[in-house]
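**Q** Give the three-dimensional model of this entry:
(one chain, ligands or ions: 1)
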Amino acid sequence: MKKIQAIRGMNDLLPAETALWQHLESVIKQTLAGFGYSEIRFPIMEQTDLFKRSIGEVTDIVEKEMYTFEDRNGESLTLRPEGTASCVRACEEHGLLYNQTQRLWYMGPMFRYERPQKGRYRQFHQVGIETYGLQGPDIDAELLLLSYNLFQTLGLEHCVELQVNSLGSDEARARYRTALVDYLSERKDQLDEDSKRRLDSNPLRILDSKNEATQALLDAGPSLEDYLDEESEQHFTQLTQLLDAAGVPYQINRRLVRGLDYYSRTAFEWVTDKLGAQSAVCAGGRYDNLVAQLGGRATPAVGFAIGLERLILLLQSEGHVPESLSRPVDVYLAAVGDVQAEALKLAASIRRALPGLRLSMHCGGGSFKSQLKKADKSGAAIALILGENEAAAGEVGVKYLREDKPQETCKQSALTQLLGEF
Ligand code: HAM
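**A** The predicted structure follows:
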């Protein structure tokens, strides 16, 4: 019979990898707690219209990448391709936005029907950070500092670069869009196929084109910078000054536009050249109009999301990974002979006394030799050996598996002290 396999682009995370994931998640949670952010959780499915109305009908995500289906009632539902829309929906629904500021985060799977390759999957994981009710550039700077701190803690700051831009107000962007379309329409024959298509649907995305001829054409055309409104320009200047003051290195990239429609003013991406085509590890910006667009009261908002798979790939090749992550066990308790009950009791008392210790108790019997082999394979630093003689004497053998130290015998009552020092 043909075996059923996982869905393409949706990965299992096996025990050999989950320790690193847990490490990453805990570093992220610690960083977020250090900045005073709170967690919010929302469902992984929403009404399809939520994503259409926020991300934008004419975007790659909504046009081609959503997992959309009808439920048994005929309602159109979509597996979330991102978290910002759901976060706004949830905050609005529960009255978290009116006259309040919020600093929130969420973590979990997102779904996009993209062509899978290294760093790009159909189920992937994001940590999203969203703030509401704050319009000055200080909160934008705080978010960028937060992400920078995170990269520093992970030892990744040397392989990512921050690119920032201002997309201006909606009006400014509309004026620029007209100028850009006018300019490019006259030179349509010089555009690559993708850009020709985008000229009608989403011309600003042409700025993102990887095609060199198109980039050269853009060099000679109108620049978004020249169309920025006064307030956006000021906001952006202040942001860059704050980043300078905070010591967050950045590059201004006037061609940086985002693939989701809800952004205005600040837009940014942390990019790397270590992951091939998938260069963005973290991306976001301001979306001051989205809350009102979804039916709420106008509320300034800014946030970003990190792609966890991409961070894991970077950590595996570049970052600081604690050595202990490669082995899940510190101490292995071998139980040789008819001592299962004593072994269970001893293991329980050690765990009670040393809750941070990772103790694995041997199960399944077997000879002393075979149990020691298992102890070694577990990665433990110490094997405790409980045989019938030791059990009767209230003792235990202590064998050091990674150090050149002789085996010793220890009173069970003195074990906590011995292991506590280890
Ligand atoms: P996004 O740029 O679509 O923005 O995604 C953010 C990050 O998620 C990307 O930079 C990338 O690291 C990761 N990512 C996206 N698609 C995939 C994929 N198919 N496989 C693996 N990783 C992927 C957003 O989603 C916005 N909601 C960010 C935001 C929050 N803006 C404001 N607040």
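**Q** What residues does this protein have near the ligand?
**A** Residues of the chain lying near the ligand by C-beta under 6 Å from any ligand atom: 82-84, 112, 114, 120-121, 124, 126, 128, 130, 259-260, 280-285, 287, 303-305, 307, 309-310. No exception for glycine: its C-beta is placed from N, CA and C like everyone else's.
**Q** beta partners for whichever residue of the stretch 101-250 of the chain sits closest to the ligand?
**A** Using C-beta to the nearest ligand atom, the closest approach of the stretch 101-250 of the chain to the ligand is made by F124 at 3.4 Å. Beta-bridge pairing for F124 (DSSP bridges): M110.
**Q** wait, doesn't it sit right on L311?
**A** No. If you go by C-beta atoms under 8 Å, F124 and L311 don't touch, sitting 11.0 Å apart.
**Q** which residues does the residue of the stretch 101-250 of the chain closest to the ligand contact?
**A** Counting by C-beta atoms under 8 Å, 6 or more residues apart in numbering, F124 makes contact with P109, M110, R112, G307, L308, E309.
**Q** Most neighbours among these, please name it.
**A** Within these, neighbour counts (other C-beta atoms under 10 Å) peak at G307, which reaches 23 neighbours.
**Q** Tell me the pLDDT of that residue.
**A** Note on G307: pLDDT of 98.
**Q** Enumerate every residue touching it.
**A** Contacts of G307 by C-beta under 8 Å, 6+ apart are G119, F124, H125, Q126, A280, V281, C282.
**Q** Could you tell me which of these belong to strands?
**A** Of those, the ones assigned to strands by DSSP state E are F124, H125, Q126, A280, V281, C282.
**Q** between those residues, which is nearest S349?
**A** Distance to S349, by C-beta to C-beta, is smallest for H125 among the ones in strands among the contacts of G307, at 38.4 Å.
**Q** what's around the closest one, how many residues?
**A** Neighbours of H125 (other C-beta under 10 Å): 22.
**Q** pretty sure it contacts G83?
**A** No. In this structure, H125 is not within contact of G83 by C-beta under 8 Å, at 10.6 Å.
**Q** Can you pull the residues that touch both of these two?
**A** Common neighbours of H125 and G83 (C-beta under 8 Å, 6+ apart) are G108, M110.
**Q** Take the strand or helix carrying A245, keep the C-alpha atoms, and write them as PDB.
**A** Per DSSP states H and E: A245 is located in helix 230-246. The C-alpha trace of helix 230-246 is given here as PDB (Å, rounded to 0.1, in the frame of the first residue of the first chain):
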ATOM      1  CA  GLU A 230       6.500  66.700   4.700                       C
ATOM      2  CA  GLU A 231       5.300  64.800   7.700                       C
ATOM      3  CA  SER A 232       6.500  61.400   6.500                       C
ATOM      4  CA  GLU A 233       9.800  62.800   5.600                       C
ATOM      5  CA  GLN A 234      10.200  64.300   9.100                       C
ATOM      6  CA  HIS A 235       9.100  61.000  10.700                       C
ATOM      7  CA  PHE A 236      11.700  59.200   8.700                       C
ATOM      8  CA  THR A 237      14.500  61.600   9.500                       C
ATOM      9  CA  GLN A 238      13.700  61.400  13.200                       C
ATOM     10  CA  LEU A 239      13.600  57.600  13.000                       C
ATOM     11  CA  THR A 240      17.100  57.500  11.400                       C
ATOM     12  CA  GLN A 241      18.400  59.900  14.000                       C
ATOM     13  CA  LEU A 242      17.000  57.600  16.800                       C
ATOM     14  CA  LEU A 243      18.600  54.600  15.200                       C
ATOM     15  CA  ASP A 244      21.900  56.400  15.000                       C
ATOM     16  CA  ALA A 245      21.600  57.300  18.700                       C
ATOM     17  CA  ALA A 246      20.700  53.700  19.700                       C
END
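**Q** Report the mean per-residue pLDDT for the helix or strand following that helix.
**A** Once the chain leaves helix 230-246, the next helix or strand it forms, by DSSP H and E, is strand 251-252. The average pLDDT within strand 251-252 is 98.
**Q** likewise stretch 367-383?
**A** Summarised as a single mean, pLDDT over stretch 367-383 is 96.
**Q** Ok, stretch 255-275 next?
**A** On average, stretch 255-275 scores 95.
**Q** Now this structure against the ligand: closest residue?
**A** The nearest approach of the chain to the ligand comes at G307, 2.3 Å away (C-beta to the nearest ligand atom).
**Q** For beta bridges, what are the partners of that residue?
**A** Q126.
**Q** And it, how far from F124?
**A** For G307, the distance to F124 (C-beta to C-beta, to the nearest Å) stands at 6 Å.
**Q** Report the central residue of the chain.
**A** Centroid-nearest residue in the chain: L308, 3.3 Å away (criterion: C-alpha atoms, centre = their mean).
**Q** can you tell me which residues contact it?
**A** By C-beta under 8 Å, 6+ apart, the contact list for L308 reads W21, L24, E25, M107, F124, H125, Q126, V127.
**Q** Show the buried residues in those.
**A** Buried by 16 or more other C-beta atoms under 10 Å: W21, L24, M107, F124, H125, Q126, V127, out of these.
**Q** For this protein, give me the ranges with low pLDDT.
**A** Counting by pLDDT under 70, the chain contains low-confidence residues at 422.
**Q** Can you mark which positions in the top helix by length along it are buried?
**A** The helix spanning the most residues in the chain, taking DSSP state H as the definition, is helix 15-34. Buried residues in helix 15-34, counting neighbours by 16+ other C-beta under 10 Å, are found at A19, L20, W21, H23, L24, V27, I28, T31, L32.
**Q** for stretch 166-181, same thing?
**A** Across stretch 166-181, burial judged by 16+ other C-beta under 10 Å covers S166, L167, G168, S169, A172, R173, R175, Y176, R177, A179, L180.
**Q** ok, back up a step: for the residue nearest to the centre of the chain, give its distance to V27.
**A** 11 Å.
**Q** Could you do L167 as well?
**A** Distance of L167 to V27, computed by C-beta to C-beta: 31 Å.
**Q** ok, now N73?
**A** Distance from N73 to V27, by C-beta to C-beta: 42 Å.
**Q** picking that back up, now, the most widely separated pair of the contacts of G307?
**A** Across those (C-beta to C-beta), the longest gap, 14.7 Å, separates H125 and A280.
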